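Q: for reference, the sequence and a predicted model appear below.
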Amino acid sequence: MHYIEDFSKYEGQEITFKGWVANKRESKTNIFLVVRDGTGFCQAVLSLDVLGEETFEVAKSLTRETSLEIVGNVVKDERQIGGYELQASSIKVHHIAKEYPIKYLEQEHGVKFLADHRHLWLRSRRQWAIMRVRNEIIMSIHDFFQQNGFVQTDAPLLTGNACEGTTDLFETDFFGVPAYLSQSGQLYAEAMAMALGKVYTFGPTFRSEKSDTPRHLSEFWMIEPEMAFYDLDMDMDLIEAFIKHVINRVLKNRKVELDTLGRDVSKLENVNQDFPRITYTEAVKVLQGKSEVNGRNAITVQEEDLAAAKQAIVDLTATIEANEKEMKAGVKKGKRNYLTAQNDKFKQEIKVHEESIRNIPKWIASAQNFKDGEDFGGSDETVLTRVFDAPVMVYNWPTKIKAFYMKEVEGDPNFVKGVDLLAPDGYGEIVGGSERESDLEILSRKIKEHDLSLDDFQWYVDLRIFGSVPHSGFGLGLERIVRWVCGLNHLRETIPFQRRYGRKLVP
RNA sequence: GGGUUUGUAGCUCAGCGGUAGAGCAGGCGGCUGUUAACCGUCAGGUCGUAGGUUCAACCCCUACCGGGCCCGCCA
């Protein structure tokens, strides 16, 4: 058994392929299959001359997603997907698939249809690419921390209390006692950092907020490093080095997948610049348009985007009219079909631009009227990050909008040493971290202020009683970084089976 | 939870007062080392559901149900 991924090693050799038919094109003497085996996609040629009439008749009956084995020669051919072609000398059919509901290009389907067929949708090329990038990111995360002296530890998934005391949790039953699915492993990671120095957790996280946006899932995977003797500056250095490592490894090893996704990799290569670090207070000024970044004004950039959307509609409308005029004048059927398809596509694009035209003025208003001291909304993050090329770190946040465990800025208790990493191009927050409060008195006071039970948190407070040290950490949302790296407009494609507010638990 | 938009063939959409169209997928025929192949042909629909307006409703109105997008809550 030989995998498509390794075809370059088998050039000129006869191999055995086992996989599925992704697509088929037929002629009198040749059948061209696009086959897949999980490691890649490849064209297989079934020729009447080679196979003989009887086998060729069998080959004609192959449907999309039929499972089969092909024995054949691997031939280099630059024109093909993956650069190689399999020329069959014999085939063995495992199972003829019945009519397959998903098209070869899944973008020709609607969101709902694909989500309901997720178990099959995962076979599509784009999904294959996303899952492979996801895997590369996961491995690069482990690799980064393992190479840097971190120990992977696991926090419990069942907990007796809300970690931050704020968000909605899924309740379950633990032998008659209420238990909650974990929304963060951080507090436990802090305890483990006091035992092991540098640790990270990597596990599922659950939030029962009724959030219906492209950046939310009810169940997602989070990576939470925690380091003893790290202050906020060291934390930010680590975040930057970490993100650079992950992105560069994906760029190096998953070129084919990023290309399949049509990702503009130059945008990702921007991570090799220094990440701008600005305080919350500075970020507010940038957002409001009162302060510029490299000559770019956040509000002006939005106005330009708005004007561009309006112009695009004018241009597309003109093209559509021209096409319609041409069709009225009389054209051949093929040409008419082509023009109709083009116009339908343009009409969809116009709808997207119209959506922007409705949204951008709201975003501008929200940015200009932003009240210092509040948390950034989704659109605010988009507006803010549009003026930066690299991910930007926003630090020193107002105390009242951040969690109780964040360390107060020395001499200014209105601010805490938290940091958010915002990805460019509107992908928003992917990392949230902070230096943790290590002072017993302050932490105890804040637990009370947040109406949390001192009893429940005594074990956590203990960490400040027995050899308290400055320490920091952060949380990375796996699906959010996958979304950014792949350039996807929604988180739902970044995880094999989404669990999201408003959707069924099937599939 | 709020706003907005949408529901027409298996899929993606067009039609928007006078009793349904295209492309893809499927069947058949043709043609080609093809690249989302192409050409011809056949088949495929009580136009989300329930009321209402009208001589006439896929089209207008109301309600309900189901989607999309944006916002909120948050990673």
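A: Here it is on my side, so go on. Fair warning: this is a prediction, and the values are worked out from it, not measured in the lab.
Q: can I get stretch A:210-226 as PDB, trimmed to CA atoms?
A: Presented in PDB, the C-alpha positions along stretch A:210-226 are these (Å, rounded to 0.1, in the frame of the first residue of the first chain):
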ATOM      1  CA  LYS A 210     -25.600  31.900  23.400                       C
ATOM      2  CA  SER A 211     -23.100  33.300  21.000                       C
ATOM      3  CA  ASP A 212     -24.000  33.200  17.400                       C
ATOM      4  CA  THR A 213     -21.000  34.600  15.600                       C
ATOM      5  CA  PRO A 214     -18.200  33.400  13.300                       C
ATOM      6  CA  ARG A 215     -15.800  33.400  16.200                       C
ATOM      7  CA  HIS A 216     -17.600  31.200  18.700                       C
ATOM      8  CA  LEU A 217     -18.100  27.600  19.400                       C
ATOM      9  CA  SER A 218     -19.600  25.900  22.400                       C
ATOM     10  CA  GLU A 219     -16.900  23.300  22.500                       C
ATOM     11  CA  PHE A 220     -13.400  24.200  21.400                       C
ATOM     12  CA  TRP A 221      -9.800  23.400  22.100                       C
ATOM     13  CA  MET A 222      -7.600  25.600  24.100                       C
ATOM     14  CA  ILE A 223      -3.900  25.700  24.800                       C
ATOM     15  CA  GLU A 224      -2.900  27.300  28.100                       C
ATOM     16  CA  PRO A 225       0.800  27.700  29.000                       C
ATOM     17  CA  GLU A 226       1.600  28.900  32.500                       C
END
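Q: and RNA strand B, is that stretch touching that?
A: Yes. Stretch A:210-226 comes into contact with RNA strand B when judged by Cβ under 7 Å from any atom of the strand, the residues involved being A:Lys210, A:Ser211, A:Asp212, A:Thr213, A:Pro214, A:Arg215, A:His216, A:Leu217, A:Ser218, A:Phe220. Every C-beta, even on glycine, is put in place using the N, C-alpha and C of the backbone.
Q: check the secondary structure at the residue lying closest to A:Arg480 once chain neighbours are set aside for me.
A: Once flanking residues are discounted, A:Arg480 sits nearest to A:Ile430: 4.4 Å by Cβ to Cβ, 6 or more residues apart in numbering. Using DSSP: H, G, I helix; E, B strand; the rest coil, the secondary structure recorded for A:Ile430 is strand.
Q: coming back round to it: could you pick out the buried ones from the residues of stretch A:210-226 next to RNA strand B?
A: Listed as buried from the residues of stretch A:210-226 next to RNA strand B are A:Arg215, A:His216, A:Leu217, A:Ser218, A:Phe220; burial here means 16 or more other Cβ atoms under 10 Å.
Q: quick one: mean pLDDT over the helix or strand encompassing A:Asn359.
A: Taking DSSP states H and E as the definition, A:Asn359 sits inside helix A:333-368. Confidence over helix A:333-368, taken as the mean pLDDT, stands at 80.
Q: and stretch A:378-391, by the same measure?
A: The pLDDT scores in stretch A:378-391 average 92.
Q: so, in contact with RNA strand B or not, that stretch?
A: Yes. Judged by Cβ under 7 Å from any atom of the strand, stretch A:378-391 comes into contact with RNA strand B through A:Gly378, A:Ser379, A:Asp380, A:Thr382.
Q: distance from that stretch to the middle of the chain?
A: How far stretch A:378-391 lies from its chain's middle: 17 Å, per Cα atoms, centre = their mean, to the nearest Å.
Q: how many neighbours does the nearest residue to A:Val392 once chain neighbours are set aside have?
A: For A:Val392, the nearest residue in space outside its immediate sequence neighbours is A:Pro276; the separation is 4.7 Å by Cβ to Cβ, 6+ apart. Using other Cβ atoms under 10 Å, the number of residues around A:Pro276 comes to 19.
Q: what about A:Pro276, distance to RNA strand B?
A: 18 Å (Cβ to the nearest atom of the strand, to the nearest Å).
Q: on that earlier part again, just the ones of the residues of stretch A:210-226 next to RNA strand B in strands?
A: Secondary-structure check on the residues of stretch A:210-226 next to RNA strand B using DSSP state E: residues within strands are A:Phe220.
Q: so which of the residues of stretch A:210-226 next to RNA strand B comes closest to A:Trp397?
A: When the residues of stretch A:210-226 next to RNA strand B are compared for distance to A:Trp397 (Cβ to Cβ), A:Arg215 comes out closest, at 18.9 Å.
Q: may I have the phi/psi pair for that closest one?
A: phi -110, psi 20 (degrees, to the nearest 10).
Q: hang on, it packs against A:Asn489?
A: No. Because the distance of 10.4 Å does not satisfy Cβ atoms under 8 Å, A:Arg215 is recorded as not touching A:Asn489.
Q: for A:Phe497, give me its contacts.
A: For A:Phe497, the set of contacting residues under the criterion of Cβ atoms under 8 Å, 6 or more residues apart in numbering consists of A:Arg118, A:Pro507.
Q: give the contact list for the residue of the stretch 151-300 of chain A found nearest RNA strand B.
A: Residue of the stretch 151-300 of chain A nearest RNA strand B, by Cβ to the nearest atom of the strand: A:Ser211 (3.0 Å). Remark: with contacts taken as Cβ under 8 Å, 6+ apart, A:Ser211 is in contact with A:Tyr501.
Q: and the stretch 401-507 of chain A, which residues reach RNA strand B?
A: Applying Cβ under 7 Å from any atom of the strand, one finds that the stretch 401-507 of chain A approaches RNA strand B through A:403, A:420, A:429-430, A:432, A:475, A:477, A:479-480, A:489-491, A:502-503.
Q: buried subset of those residues?
A: A:Ala403, A:Asp420, A:Glu429, A:Ile430, A:Gly432, A:Gly475, A:Gly477, A:Glu479, A:Arg480, A:Leu491.
Q: ok and the residue in the stretch 51-200 of chain A nearest RNA strand B?
A: As assessed by Cβ to the nearest atom of the strand, RNA strand B sits closest to A:Gly110 within the stretch 51-200 of chain A, at 2.7 Å.
Q: now the stretch 301-450 of chain A
A: For the stretch 301-450 of chain A and RNA strand B, the shortest gap (Cβ to the nearest atom of the strand) falls at A:Gly377, measuring 1.9 Å.
Q: residues in contact with A:Leu114?
A: A:Ile102, A:Glu106, A:Trp121 are the contacts of A:Leu114 under Cβ under 8 Å, 6+ apart.
Q: near RNA strand B, which of those residues show up?
A: Intersecting these with the contacts of RNA strand B gives an empty set (criterion: Cβ under 7 Å from any atom of the strand).
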